[in-house]
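Colleague: Let's see this in three dimensions:
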Amino acid sequence: MEILIRASGGNRPGRKRNTFPNLAAWWRFSRTPCGGLQLGRDRVASVEKRPDGKWRARYRPVPGGRQIARHFSRKIDAERWLTEQQSRVNRGDWTAPELGRIAVSEWAETWLASKKTLKGRTYTSYESVWRTLVKPRWGDTRLDRVTHGEVVRWVAELSERGLSPSRITQALLCLKQVLALAVMDGRLARNAAEHVKPPRPRKAEPRFLTHEQVHDVAEACGQYRVFVLTAAYTGLRWASCAPYA
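Modeller: Next up is the predicted model:
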């Protein structure tokens, strides 16, 4: 059985045609990113075996631009990577790989500069969180090497160190903003920290006074004794109690 597939153009003569000995061969071709066919003008994607046994996947994301390639031990891994890259190009969220190959600390300088318009104490707070909590862990990491799983692990480590939930939330927000700015600048396709949840705030255990303690407080307040007893035993809101103070 021979399967005849026209690459494009319906039944018009002169169009390129591909033939396959069986359906399985056609299926493998269809699953290969573009089957090595041209994607518009000067935009080619292909997977080929190298003399050293490695499989090279390459594509040109921008017409007339440079070609990007990666090598894999298995053909299927090369095809999957190429399919992913082409999908990103088609969706419009492709970013040049070299733009994300800078350290987080280097990019954070741009982020901190964007905060200089804030009030003094607010800027100082951001800078302190970055310097003491975020930079020691992520400063030397490349932007494109920050992963969701590593951020989740980092948040857990901060909790194990005994930091308060509010402080951890500030540190996570700092990292999220640094990466979000990188996404806006076209250096990253997505923010790896965007969906990481901060720890829940700890609820303080309520403390209740005994009858003896209430009366001790009331006696210590002198002329406000009746007011303290009224507030303690009636549960009135402050607005209702204030006129009797």
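
Colleague: going forward, measure contacts and count neighbours with C-alpha atoms only.
Modeller: OK.

Colleague: my guess is residue 170 meets residue 130, correct?
Modeller: No - the pair residue 170 / residue 130 is not scored as a contact, 9.2 Å apart, by Cα atoms under 8 Å.

Colleague: between the two, who's got more neighbours?
Modeller: The neighbour comparison of residue 170 against residue 130 (other Cα atoms under 10 Å) goes to residue 130, with 24 against 18.

Colleague: quick one: low-confidence parts of the chain?
Modeller: Within the chain, the stretches with pLDDT under 70 are 1-44, 61-65, 89-96, 244-245.

Colleague: next SSE after the lengthiest helix in the chain?
Modeller: Across the chain, the helix with the greatest residue count (assigned by DSSP state H) is helix 165-184. Next helix or strand after helix 165-184 toward the C-terminus (DSSP states H and E): helix 211-220.

Colleague: In the chain, what residue spans correspond to helices?
Modeller: In the chain, the helices defined using DSSP H lie at 23-31, 75-91, 104-114, 120-129, 135-138, 148-160, 165-184, 211-220, 225-234, 238-241.

Colleague: right, and those helices - which one's nearest residue 56?
Modeller: Nearest to residue 56 among these is helix 75-91; the distance by Cα to Cα comes to 6.8 Å.

Colleague: For that closest one, buried residues please.
Modeller: 75, 78, 79, 81, 82, 83, 85, 86 (16 or more other Cα atoms under 10 Å).

Colleague: Out of these, name the two that are farthest from one another.
Modeller: Checking those with Cα to Cα, the most distant pair is 75 and 86, at 16.5 Å.

Colleague: Grab the most central residue of this protein for me.
Modeller: In the chain, the centroid-proximal residue (Cα atoms, centre = their mean) is residue 192; its distance is 1.9 Å.

Colleague: what sits against it?
Modeller: 146, 147, 148, 151, 179 (Cα atoms under 8 Å, 6 or more residues apart in numbering).

Colleague: ok, it to residue 57 distance?
Modeller: Separation of residue 192 from residue 57 (Cα to Cα, to the nearest Å): 25 Å.

Colleague: And for residue 182?
Modeller: Per Cα to Cα, residue 182 is found 27 Å from residue 57.

Colleague: again with residue 75
Modeller: Counting by Cα to Cα - residue 75 and residue 57 are separated by 9 Å.

Colleague: Same question for residue 183.
Modeller: 25 Å.

Colleague: more neighbours, those two?
Modeller: Set residue 183 next to residue 57 and count neighbours by other Cα under 10 Å: residue 57 wins out with 24 against 17.

Colleague: and the more buried one, what are its bridge partners?
Modeller: Bridge pairing for residue 57 (DSSP bridges) gives the partners residue 47, residue 70.

Colleague: if I pick it, what's in contact with it?
Modeller: Applying Cα under 8 Å, 6+ apart to residue 57 gives the contacts 45, 46, 47, 48, 69, 70, 71, 72, 78, 79, 81, 82.

Colleague: so how many other residues sit close to the fifth one?
Modeller: Residues lying near residue 69 (other Cα under 10 Å) number 15.
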